[in-house]
Each structure stands twice: as C-alpha cells, then as structure tokens.
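Participant: A predicted structure for the sequence below; I have some questions about it.
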Amino acid sequence: MTTATDQTRVIDGVRAEQWMRMYRRMVMIREFEEQVNELYTRALMPGLAHLYIGEEAVAVGICEALRQTDYITSTHRGHGHCLAKGASPDRMFAELLGKEAGYCRGKGGSMHIADPATGNLGANAIVGGSAGIATGAALASKRLGKDDVTVCFFGEGALGQGVLYEVMNLAALWKLPVIYVCENNLYNEYTHYSETTAGDILARGKAFGVPAENVDGQDVRAVYAVAQRLVDRARKGEGPAFMVCNTYRYTGHHVGDINREYYRSKQEEQEWKTKRDAIQNFAAWMTGQKFTEAAKLGEIQKEVRAEMKAAVEFAIGAPYPSPEEADQDVYA
Amino acid sequence: MTTATDQTRVIDGVRAEQWMRMYRRMVMIREFEEQVNELYTRALMPGLAHLYIGEEAVAVGICEALRQTDYITSTHRGHGHCLAKGASPDRMFAELLGKEAGYCRGKGGSMHIADPATGNLGANAIVGGSAGIATGAALASKRLGKDDVTVCFFGEGALGQGVLYEVMNLAALWKLPVIYVCENNLYNEYTHYSETTAGDILARGKAFGVPAENVDGQDVRAVYAVAQRLVDRARKGEGPAFMVCNTYRYTGHHVGDINREYYRSKQEEQEWKTKRDAIQNFAAWMTGQKFTEAAKLGEIQKEVRAEMKAAVEFAIGAPYPSPEEADQDVYA
Amino acid sequence: MPEAAERELTFAQAIREALAEEMRRDSRVCIFGEDVAEAGTPFKVLSGLVEEFGRERVLDTPISEAGFTGMGVGAAMTGLRPVVDIMFGDFLTLTMDQLVNQAAKVHYMSGGTWKVPMVLRTTLGAARRSAAQHSQSLHAWVSHVPGLKVAMPSTPRDAKGLLKTAIRDENPVVFFEDKMMYKLKGPVPMGEYTIPFGVADVRREGEDITIVATSSMVQVALGAAEMLEKIGVSAEVIDPRTTWPLDEKTLVESAKKTSRAMVVDEGYGRYGVTGEIASVIAEGAFYSLEAPVKRMGAMHVPIPFSPPLEDMTVPTEQRVFEAARTLCGKA
Amino acid sequence: MPEAAERELTFAQAIREALAEEMRRDSRVCIFGEDVAEAGTPFKVLSGLVEEFGRERVLDTPISEAGFTGMGVGAAMTGLRPVVDIMFGDFLTLTMDQLVNQAAKVHYMSGGTWKVPMVLRTTLGAARRSAAQHSQSLHAWVSHVPGLKVAMPSTPRDAKGLLKTAIRDENPVVFFEDKMMYKLKGPVPMGEYTIPFGVADVRREGEDITIVATSSMVQVALGAAEMLEKIGVSAEVIDPRTTWPLDEKTLVESAKKTSRAMVVDEGYGRYGVTGEIASVIAEGAFYSLEAPVKRMGAMHVPIPFSPPLEDMTVPTEQRVFEAARTLCGKA
Ligand SMILES: Cc1ncc(C[n+]2csc(CCOP(=O)(O)OP(=O)(O)O)c2C)c(N)n1
Ligand SMILES: Cc1ncc(C[n+]2csc(CCOP(=O)(O)OP(=O)(O)O)c2C)c(N)n1
Ligand SMILES: [Mg+2]
Ligand SMILES: [Mg+2]
C-alpha cells in the first residue's frame, strides 16, 4: 500500500521523488544566489555576478530532461544552469571567489564555470557566444554516433546576435541534436526586450527550419514536459528545436544593479515575485497533490541553506592559486 | 491621335517609353557583361569578374522604382546594379581594367564600384557585407528628414551571414526606409542553395518584423511592380521590406568558372536561357502589346552593343593611375 | 601663453562633455549602442545625454555589435556623424568585419569619393575582476589597419580634446577608454579646445630614460618615474596619445636624448603596440641607445579572474620601476 | 642521416596530402567550410577529399564564417578534430569572436579542463588583382592572441609537415597559406613526417646579413639573397615557420653572427609581425648589431586593385635587395 507521501507514486507521469528533486534543485539555486549576493554585499567576492533568482524553473525543468553525458552551454547568468546540470556548490563558490578549488582553478570566475564531468561546456560572457560551441558539440555527438543532446541556454538579448541564426540554420540543415533555449526575462541589461526585438520570437527559430515552442518559464512542470519532448526528439535524430521560456529575474542585471526604477517598476517586480514565483507555485501544487507537505518543504529549504552556507565557508577558507599559476593552462 | 508605337502610350500603368528604357537597360547590362567576358578571354582584364547575365530584370526592375538620390549597395556580382542605377559603362570598364578614369580611380575594380552621383554606396566583396551600410544609410535619410530609400542587393548566399538579421531587426524596430533584395540565383558559388538554406526564405524577413514578398526575377514587370509598391511604402515612412527575386545566372560563378557540370546540369542552364530569359520574354510581351517592334528592339541592341564597344575601347586606351597614387586616399 | 581657466573633471565627465558639446555644435552627431540612453551605459559615462538630445540622437540598440557598427558606416557615408559605443573592447571581435573590411576601406576603395566620419568608442584594460572576455586591450589590431585612426587618452583633458578631434575627423577613428580611469580626476580647460592627432605629450621631462606609455599605463609610468627619481634616475614619460597617426619624431628625439627607452602598454606584449614603438625607437635612435629598448605589456595569457593572478598580468609601478632601474644599470 | 625519398609536389598537393593522411590516420579529423566538398574550394586545394572521405567528414557549409568556426570550437571540445576552412584570410574578421574570445580562451578559462584541438586554415597574400577585401595578410592579429598558435609555411614540405603537426596539436592553430604559392612546386619526403612548431628553418646560410622572412616572402628573400651574392653580400635567410611559438633563439643567434638584420613579411608593416620580430632581434642581438633592424611589410594602404598600384604595395626581390644592400652600406 502506498501512503500519501510515498516517493514512488507517479503524478503527471513523474515519480514523486523526481518532483522532489526538482524542487530541491530550484531551492538550491535560489539559496546559492542569495549567498552570492551576500558575498557581494560583504565585499568578499571579486567583481560582479548576475543572479538567476526568479528563473530557477527554467534551468531545473530543462536539465531534468538531460542525462549526465548530455551537454549544456551557459551564459553570464549561468549559476543556475551549472547547478541544475549537477555542479557542486562548494567548487562553484570557490570559483566565484577566485580560489584554486574552483571549477576553473579560479581562472574563470562567475561567468566561466565549466565542468567536463557534468557535460558543462562552459558559461560564456559573450552574449550569444556559446551558440556555435553548442551546435558544434551536437555535431560531434552525431558524428561520433553518440545520442547525447546539447542544450544552449541564452537570454533573449542574444536574439540580437547574428551568429545564433547562422548556427540554427546549420543545425536544421544537418539535423543536429541541439536545443536552443531562450530565457526571455524581458530585459537586455537595462533595456526592455520590446525595444530591441522586432517581429515574433518563435518565428526566429522557425524561419531557419527549427521547430519552436513557447513555455511558461515559471512553471517547472511545463518546462520539463516540453523539454523532455524536444530532447527526446533530438536524441532520436529528429533535429534541433528552439524553446522560448518566459521568465523574470527578480533582482538586478548584476548584484550591483540596485536602483532599477528608471527601467522597470517595483510593481512589476512585485507581481512576478508574489504571483508567478516558480518555487512557491510548485510547492503549492506539490502539497495540493499531497505527495509532500509544507513542513517537509520547509525542511528541505533549511537543509539546502545549511549546505550552501557550508559551501560558502569552504570557499572562503580555500586558498588562492599560487601566482605561478597565472601562465599555466594557456596551452594544452 | 496615338500611333501603335506612340511612346507616351500607357500600358499596365506605365508609359511605353519607360518600358523601352527598361528594355534598353537590360540589354545594356547583358552587352556590358558580354564585353567583360571578352576582356577576360582576351586576357585584358586583371583578376576575375562575376557576371550578371540572366539576372538583368532584377536590377532594372528595382532601380526603375528608385530616384537618383536613393541609395543602393551592391555585391561582388554588381555590374548590373551599378548600371541600372545609372553608372556609365565607360568609367565602369575603366575601373574593371584598373584605370585612373574608373569610378574608383582603378583602386576598387570589379567588386567595388561606387559612385556618389548615382547614390551607389558601393559594391562589396564581403558576402552580406553591405547590409549594415545600407541600413545605416536608411537611418541617415530618416534622421536628416529626407525621403530617400536605400536598396540593399545581395545574393541568397548572404542569408548565411548573421549580420543581415541583426540589421533587419534594427530596420524593423526603427522603421527604416530600406529594401533588402535577395537575388536567389540558386547557387552560393558552387553549392546549391538548398544545401545551405534551411526553412523558408521569406520567413527570414518576417521573423524580424520585415514584410516579405517573393517575385519572379525573370519578369521585369513583376519586379518593377513589387519594387514600386515597397519603395513607396518605405518612402512614406512605413518601414523596411524584404524582397526575394527568383533568378538564375547563366554563366559561371565568375568568368573563369567554365566547367560547371559537377554542380549543375547543362540542361538546367539551357532551360533558364531558353524558357525564362528576361530579355526575350520582355521583348515578346512588348511586341505583343504592339508599342514596339522586333526591328526596333534589334536596333536598340545594335546601338547598345556599339556603345559598349566604344566604352571598352575608351577603357583600354585610358591610362593607369601613376604609381604615386598607391598611398593616396587612405585617409580623407 | 596663459592657461585657460580649468576645473577638475573625471575622465567620464570629460568624455560626456566632449560628446555634449559636439552634439550641440553639430546636429549630425548621434550615438548608437547598447544601453546608451536612459542607462547611460553600464559605466554611466553617457548619463544625461538622452535627456538633452533625445532618443532620436541617443539610440539604444539590440545586442548587435556587428549590425550597428555597420550601420554607423552607412550613416557616416550619408550625412550623419555617428559615435558608435562598443561597451567592452573585447567585443571588437564582433565588429572587425565592419570596422576593417568596410569602415577602413570605403574611402580608398571608392577612389576617395565616399568618406566615413565615424567614431567607435570602446574600452580597454584589465584589473576589474571581469575575467578573460571582459578585460582585453585590443588596440594593436586596429592600429595595424590602414584607414583607421586610433586614439587612447590618458587624462580627462586629453580625453575631451581628442574625442572632439575624433568626432570632427573625416575618417573612422577608434577611441579607447580605460575602464579603470573613468573615475580618475584631472584638470580640464573651461573653454573650447581640441587636441590634434599624432602629437605626443611629454608628460614628464627627464634625462636618463624615456618611458613611452599609453592610456592608463601613463599613470603607472609616472608613478614609476617618481620612484626612479628617488634612486637618482630621471625619467622622461611620453604619451603618444594616438597610436595612429604616431608621433614618431617626439619618441625618437627623446630616446636620442636619454639614450635608454622603455615602452609600456596594456595590450599583449607580443605582436602588438610595444613591438611597433620599440622598433620605431630602436631604428630611429639606434646610434644613441646604450641598451636595448625594453618592452612591457600584459602577460601573454587570457586575463584570469582570480585577483592574485590577474594582478600578475598587468604592468605595475613597481614592475616598471624595476625594469627601468635595471635598464639604467642601477639594479 | 640520409634524406628520405622525395618527390615534387605543389604546395596545394602537399596540403591535400597532409589532410588525407591525417584523415586516414584519425577518423575524428573532419573539414568544414564553404565549397570544400565537390568544388574542393575555389583554389582546388581540397579536390578529391570528399570522394575519399565522404560528405560526413568533408562538410559544405553555408556562408557563415562565424557560425561554423564556433561549431569547430564546440566540436573540438567534444571529440572531433575539425579543420575549419576560411576561404580568404580577409574573412577572419568574421571569425574573430569565435577564434579569440572562444577558441583561444576555453582551455585557460576552464582551468585546463577543456581543450580545443581545432585547426583554422586560411589564406593570405596580395597580388592576385582581387582588391582590398580579398588580399589581406592578417596573421599579426592572431599572433597577438595568447591561446592560439600560428603557422605559415613557405614550402610544400613545410606545408605538409606543419599541417600535420597542427592537426595533432591539442590547441587551436591558425594556419596561413599564401594563395600565390598553391602552384609552387618543391620536394616533399615520401614517408611520414611532421615538423615541430617553434623551430625556425635556416633556408640559406650567410655571413653579412640576416633576412627573416615569412610565408611567400621567404622566396622573395631567397631571390634577393641571390642578387646580394652578386654584389658580394652573403645573406642568411631564416623562416620562423610559426609566429607563435616563435623560435627567438635562432633569429637572435643569426643576427649576432651577421650583425645586421632585416624582417620581411607580407602583413602591414605597422603594429604587426615585423615590429615583433625586429624587437626580438634588436633586444637579443643589441650589442652585436651594426645597424638598425630594417623592417619591410606591405605598404600601409588597403590593397588597391589596379595592377601597377598593387605591385607597389608588396615587398619584391628588388626592394628587399635594395634595402639589404643599403643596410650593409653597399649603396
Ligand atoms: C557580445 C556582447 N555584447 C554585450 C555584452 C554586455 N552584456 C552583458 S549581459 C547583457 C544583456 C544580456 O541580456 P540577455 O541576453 O537577455 O540576458 P539576461 O542578462 O537577461 O539573462 C549585455 C548587453 C556582452 N556580454 N556581450
Ligand atoms: C564573407 C564571405 N565569405 C565568402 C566569400 C566568398 N564568396 C564570394 S561570392 C560567394 C557566393 C555568394 O553567393 P550568393 O550570395 O548567392 O551570390 P551570387 O554569387 O550567387 O550572386 C562566396 C562564398 C565572400 N566573398 N565573403
Ligand atoms: Mg534578458
Ligand atoms: Mg546565389
């Protein structure tokens, strides 16, 4: 007999434990980013960082549809993608602080986390800069007879970069297993996307022969469902897809972007945070489905927060690379 | 009373003399190009050239809808555009031979003919390379309160270049008076466009908010009609347009491309030349409409040929720039 | 000649003032770039311009560096005088075709008939913990290209005067601003002035060694010169201000006088600016030099994020001082 | 050591043979580019490869230089060894972001975890009457960038050996072929061989002057050396073969021996290859040089179309001869 909170119960075609994993991942991303903000505020982090808070359902819903050997490419706002693909927070924080224990030995920082073990081809600080890399990885998978799929994450700002269309055309021609995921969080830095984006976003995939779908990026279940379908299709050799996830970043373009009223209203921010929060809404659905309880979810959050704090402590205590590292790794 | 061949008679909304002008221009382009080929064969021309033979109706139909102050940008296959916009053959031949009397004092050659007097912003040897220039000229016209329109000619190969999409997006956002004219002659050099172009070509304009139309590029009347409509629209401030002209180059990618059977059949070439020749079909229509006669058209051809021969002679006899010219005009 | 009245401005304010003055003077001057309007760029260099000149003249673009740089070329050919804003010099990579195959060549290829009076403003410099794709100093690339002019001011005064000259120039000019200098303060004359291209500024006179430095490295060189002073070495510090045109004469004459020279630039040391300037000096002052010309550029590595590593990669006062001391045989 | 059996091949044949051998040896090697398959490129360098290796490994691309270069980076990171074909070196402008911000930095930025074993083959050289956008020699740009290696062979033998090394290298390599050399014939060993990067080739020994030359300028320098011989000047001609890594030692030792040096390169003379190499020599051989190092590059103009003008812009045997003669005080 299954109890109400039986973790093997299947809801909407997915086992409870898997929904719970997604929940934990989303919380992990949010808590991770809160700590990043804290590190910035405490002046412990060199440089800046672009937080993923508000967009958690996108990375988690999509990476849940991926295997470990599948690839992703990420962006300047990349912490969520990296964590969702399986990166460990301690090595990520270490990277953000420029420490040797970081994923890139401190050489990459927030915008360049990369990790072969989890198929992370690297975050990228050039808007649209990873579209070619992702498409090339898909070509390699196909040519090498592997059925891995590559996901290319990018913000809607990257729709301004021509290279995206060059590679979508190629992916369609060669039927490559790559999913282009446009995270439309409404802003290119401090400019609303409607001022920078003519026509219809979905049409921009279709015009290059790439099937395109819109999805509510605040609904992890919807994101996962679409991602699974498109990833499966790609894995079977049916070619690329373009997925537009409508979402919102709750905080500034980067941690230092505090006064935002000249480009967006507090009211707009408030609405997304209260009515469309991906974590809250997912929690409400899960408890409504009765395979978990609010208390359990609260516990998860506590656990995750403690984990993040420990990871931060690890990173703070970790040593910097020695200066002689500076000219290592230029050439393989 | 008007006679049958009265040049003021209006057919299809256009005066006979205007149709005759278009005819003469098309013949001029063809005869010009025949001479270019001859110059190459006689080893009198330095380098190579890309002939426009077969595509004459496109340049002529479109430029007929333009005023002298309107701008064009052109391509490596640019002689037809330049002539249609009003360039004189003698200075063009001089340029092709690298002579000082050429449009660019011999510094540009076949691929870089430019001429402020006829609004020619320049042919361009970078595929897609003039899309930015054309769009910028349209921005200037708009900002300076002029109602000039810019036409950006490019081959379907340029659909591979991302910059085209970057500027179409901008033109749509800013409602700029620019017409993007894609001359689809089926080949990117030696590769059929279907191997390089996924999706639907018209959709590539529309996806960026640019209205798009297909037209038979072998029918000068159709080209002119669509061009006029789109140019008028742009002139009135209603924004950019994308026009796909389906056409064919009869000869090689360049004058040295003689053996073409590995990429296209003689039969295909033959069909276009015999069934879809823009000049022949236009002549047939004109004589059918009875405002001119075959004999008259024959005369025009003879005149034009003589004119071209004289222009070639002029160019052959013209002096080269003096060597001291080499480092002039680097800076204005 | 009495100095015009002056006041202190930051480097960023000087840039903004140059733009505002030129936009008032000439209605054809306009700005395109990402977040240039209300945001005034992420560096806030352009704050206030859209309020004065409107969105018709300060245009926020999509993230399309190639596209809007190309539009700058076309607009410049046909009557505007665009100032194109490329946020980070690292993104020049995306504009190279428009800049090099189009902007730089239009005038020449057209036999002198079309002109491209465009300015491309961008940044250079590391040390902001921004990692490898936001820290490069790529001015050597454009200095290599005939048809382009290249300015790289080191003070607020020069920034204003050179930018005004750039905007009035009939040719494409690439204008580099060191991100780390935006808050640097310095005297700027009250009245109208411009600074001609191709005229180096001797920032400090000296007898024993010539230090040629560019952009923010001028400040570093001046700091090193103070340190050298203390050990009895008198350094002349020269800022060429434009890498093209280059004031070869002033550099060579100085080296002839001092008999020793060093070149400090934040671009990579190899195949870049230091090689050119060192060669010009080594050739021109050959018979006067008592030691090889010393070059110092950024370490030949992608700029690392980690602070202790990043700090290794850029010339510092201490390192310039040490190299100069060695060059003068005082080590 | 006895010479392996040799035969004459053209430069183009040597390139093709290197590719074919490496493609047979390693199934991960593949080629992308415009018109590379049946057309075998406009220069016909790749003719026959698609017939042997199929369209899975010789891929015709759209005209999307940035896009397919970026794909080369991703494919190289994940198990292929792509050889990306950029038809004219002038189109490097379109690939700079992928090459410089991606390919060159991936290994470093990832702390040494990802690698980019990609080769980008492209061309350089003027003199084909192709005008300003099809005649540039832009190798200085990529030589300036840490993370890239740069090869520029001057003979069929070197072309084959260096290309094989490039394909086996774990790093991104930019490989420049002079368009004017494709039909040049020269001996190529029959057996398997590679040529290491960073090892200059002394093409001709001499006592009075060192001429360092790259790519097709090596032939020009050898021609000039013959002319110099006739007036009693013995010239040593050295081809560095790779601008990065650069065999500084061989260049410096030669200049120390001859006491005079000249650098000839087809890139622009300013802020380019000649400046770097001249600086390396001027510094390393300072106390042995009897005259300034002479530099000769392309004239600092967009390459003109008109034959008599274009011929002015590129170093020739005569001009190298004259400059070397003057340098040796024999004028
Ligand atoms: C090529 C390039 N141009 C400009 C920038 C500066 N920049 C960094 S993030 C950003 C906005 C990106 O917006 P979007 O793609 O929507 O991502 P989001 O920040 O909203 O996640 C810009 C313009 C850059 N990093 N790269
Ligand atoms: C950026 C760039 N890449 C490649 C080339 C080489 N090239 C010259 S013409 C051409 C084909 C162009 O095809 P299309 O645009 O259809 O024009 P068409 O020749 O058919 O008129 C190519 C690849 C180039 N000139 N520019
Ligand atoms: Mg966004
Ligand atoms: Mg075509």
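Facilitator: Thanks, I have the structure now. Ligands and ions are numbered 1, 2, ... in the order given.
Participant: counting neighbours, what do you get for residue 161?
Facilitator: The chain I'm using is chain A. 28 (other Cβ atoms under 10 Å in any protein chain shown). All C-beta spots, glycine's among them, are computed from the backbone N, C-alpha and C.
Participant: wrong one, chain C
Facilitator: Around C:Gly161 there are 23 residues (other Cβ under 10 Å).
Participant: show me where the chain has its strands.
Facilitator: If you meant another chain, say so; for now it's chain A. For chain A, strands defined by DSSP state E occupy the ranges A:10-11, A:14-15, A:71-73, A:150-155, A:178-184, A:187-188, A:191-192, A:212-216, A:241-246.
Participant: correction: the question concerned chain C.
Facilitator: C:6-10, C:29-33, C:58-60, C:81-86, C:119-124, C:149-151, C:173-178, C:185-189, C:201-204, C:209-213, C:235-239, C:242-244, C:261-268, C:294-298.
Participant: looking at the strands of chain A, which is nearest to A:Asp277?
Facilitator: Across the strands of chain A, A:Asp277 has its closest neighbour in strand A:212-216 (12.5 Å, Cβ to Cβ).
Participant: other residues contacting that closest one?
Facilitator: For strand A:212-216, the surrounding residues in contact (Cβ atoms under 8 Å, 6 or more residues apart in numbering or on different chains) are A:202-206, A:222-223, A:226, A:230, A:241-246.
Participant: 10 Å - rerun?
Facilitator: For strand A:212-216, the surrounding residues in contact (Cβ atoms under 10 Å, 6 or more residues apart in numbering or on different chains) are A:57-58, A:61-62, A:168, A:180-182, A:184, A:200-206, A:222-227, A:229-230, A:241-247, A:276, A:278, A:281, B:207.
Participant: report the buried members of those residues.
Facilitator: Listed as buried from the contacts of strand A:212-216 are A:57-58, A:61-62, A:168, A:180-182, A:184, A:201-206, A:222-227, A:230, A:241-247, A:276, A:278, A:281, B:207; burial here means 16 or more other Cβ atoms under 10 Å in any protein chain shown.
Participant: show the pLDDT at the closest residue to A:Arg91 other than its chain neighbours.
Facilitator: In this structure, A:Arg91 finds its nearest non-sequential neighbour in A:Tyr103, 5.1 Å apart by Cβ to Cβ, 6 or more residues apart in numbering or on different chains. Note on A:Tyr103: pLDDT of 98.
Participant: what do you get for C:Ile195?
Facilitator: 98.
Participant: residue contacts, it?
Facilitator: C:Ile195 is in contact with C:151, C:153, C:157-166, C:201, C:241-242, counting by Cβ under 10 Å, 6+ apart.
Participant: one more: C:Asp239?
Facilitator: Contacts of C:Asp239 (Cβ under 10 Å, 6+ apart): C:152-155, C:158, C:200-204, C:211-215, C:217-219, C:221-222, C:247.
Participant: could you redo the last one with a cut-off of 7 Å?
Facilitator: For C:Asp239, the contacting residues are C:154, C:200-201, C:203, C:213-214, C:218, by Cβ atoms under 7 Å, 6 or more residues apart in numbering or on different chains.
Participant: just put those residues in JSON lines and tack on pLDDT, distance to A:Lys290 and neighbour count.
Facilitator: Listed next are these as JSON lines, based on pLDDT from 0 to 100; distance: Cβ to Cβ, whole Å; neighbours: other Cβ atoms under 10 Å in any protein chain shown:
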{"residue": "C:Ser154", "pLDDT": "98", "distance to A:Lys290": "68", "neighbour count": "29"}
{"residue": "C:Ala200", "pLDDT": "98", "distance to A:Lys290": "78", "neighbour count": "19"}
{"residue": "C:Asp201", "pLDDT": "98", "distance to A:Lys290": "76", "neighbour count": "19"}
{"residue": "C:Arg203", "pLDDT": "98", "distance to A:Lys290": "75", "neighbour count": "19"}
{"residue": "C:Ala213", "pLDDT": "98", "distance to A:Lys290": "71", "neighbour count": "28"}
{"residue": "C:Thr214", "pLDDT": "98", "distance to A:Lys290": "68", "neighbour count": "30"}
{"residue": "C:Val218", "pLDDT": "98", "distance to A:Lys290": "70", "neighbour count": "28"}
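Participant: out of the strands of chain A, which is closest to C:Glu170?
Facilitator: Taking those one by one with Cβ to Cβ, strand A:191-192 is closest: 31.8 Å.
Participant: just give me the neighbour total for residue 23.
Facilitator: Defaulting to chain A. Neighbours of A:Tyr23 (other Cβ under 10 Å): 23.
Participant: that's the wrong chain, I wanted chain C
Facilitator: By other Cβ under 10 Å, the residues close to C:Met23 number 21.
Participant: next: C:Ala331.
Facilitator: 9.
Participant: is it true that it touches C:Arg325?
Facilitator: Yes - between C:Ala331 and C:Arg325 there is a contact under Cβ atoms under 7 Å: 5.5 Å.
Participant: my read: C:Phe176 touches C:Leu124, true?
Facilitator: Yes - counting by Cβ under 7 Å, C:Leu124 is a contact partner of C:Phe176 at 4.8 Å.
Participant: which residues are in contact with both of the two?
Facilitator: Contacts common to C:Phe176 and C:Leu124, judged by Cβ under 7 Å, 6+ apart, are C:89, C:139, C:215.
Participant: so which of those are in helices?
Facilitator: C:His139 (DSSP state H).
Participant: setting the sequence-adjacent residues aside, check what's closest to the residue in chain C that ligand 2 sits nearest to.
Facilitator: Among the residues of chain C, C:Asp97 lies closest to ligand 2, at 7.6 Å counting by Cβ to the nearest ligand atom. Ranked by Cβ to Cβ, 6+ apart and with sequence neighbours excluded, the top spatial neighbour of C:Asp97 is D:Thr93, at 3.8 Å.
Participant: shaky segments in chain A?
Facilitator: Along chain A, the parts satisfying pLDDT under 70 run over A:1-4.
Participant: likewise the stretch 51-200 of chain C?
Facilitator: Across the stretch 51-200 of chain C, not a single residue meets the criterion (pLDDT under 70).
Participant: all helices of it, in order?
Facilitator: For the stretch 51-200 of chain C, the helices defined by DSSP state H, counting those that start in this stretch occupy C:65-77, C:92-96, C:104-109, C:139-143, C:156-168.
Participant: reformat those helices as JSON lines; add distance to ligand 4.
Facilitator: JSON lines is the format used below for the helices of the stretch 51-200 of chain C (distance: least, Cβ to the ion, whole Å):
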{"stretch": "helix C:65-77", "distance to ligand 4": "21"}
{"stretch": "helix C:92-96", "distance to ligand 4": "25"}
{"stretch": "helix C:104-109", "distance to ligand 4": "23"}
{"stretch": "helix C:139-143", "distance to ligand 4": "32"}
{"stretch": "helix C:156-168", "distance to ligand 4": "39"}
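Participant: contacts only, for C:Val119.
Facilitator: C:83-84, C:166-167, C:173, C:175.
Participant: most neighbours of all these, which one?
Facilitator: For the contacts of C:Val119, neighbours tallied by other Cβ under 10 Å; top is C:Val84, 32 neighbours.
Participant: residues from the stretch 51-200 of chain C in reach of chain B?
Facilitator: Taking Cβ under 7 Å from any Cβ of the partner chain as the measure of proximity, the stretch 51-200 of chain C contacts chain B at C:56, C:61-62, C:64, C:66-75, C:77-80, C:97-98, C:101-102, C:106-115, C:146-147, C:170-171.
Participant: any chance of a ChimeraX selection covering the buried ones in the residues you listed?
Facilitator: Buried subset of those, written as a ChimeraX selection, criterion 16+ other Cβ under 10 Å:
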select /C:61,62,64,66,67,68,69,70,71,72,73,74,75,77,78,80,97,98,101,102,106,107,108,109,110,111,112,113,114,115,146,147,171
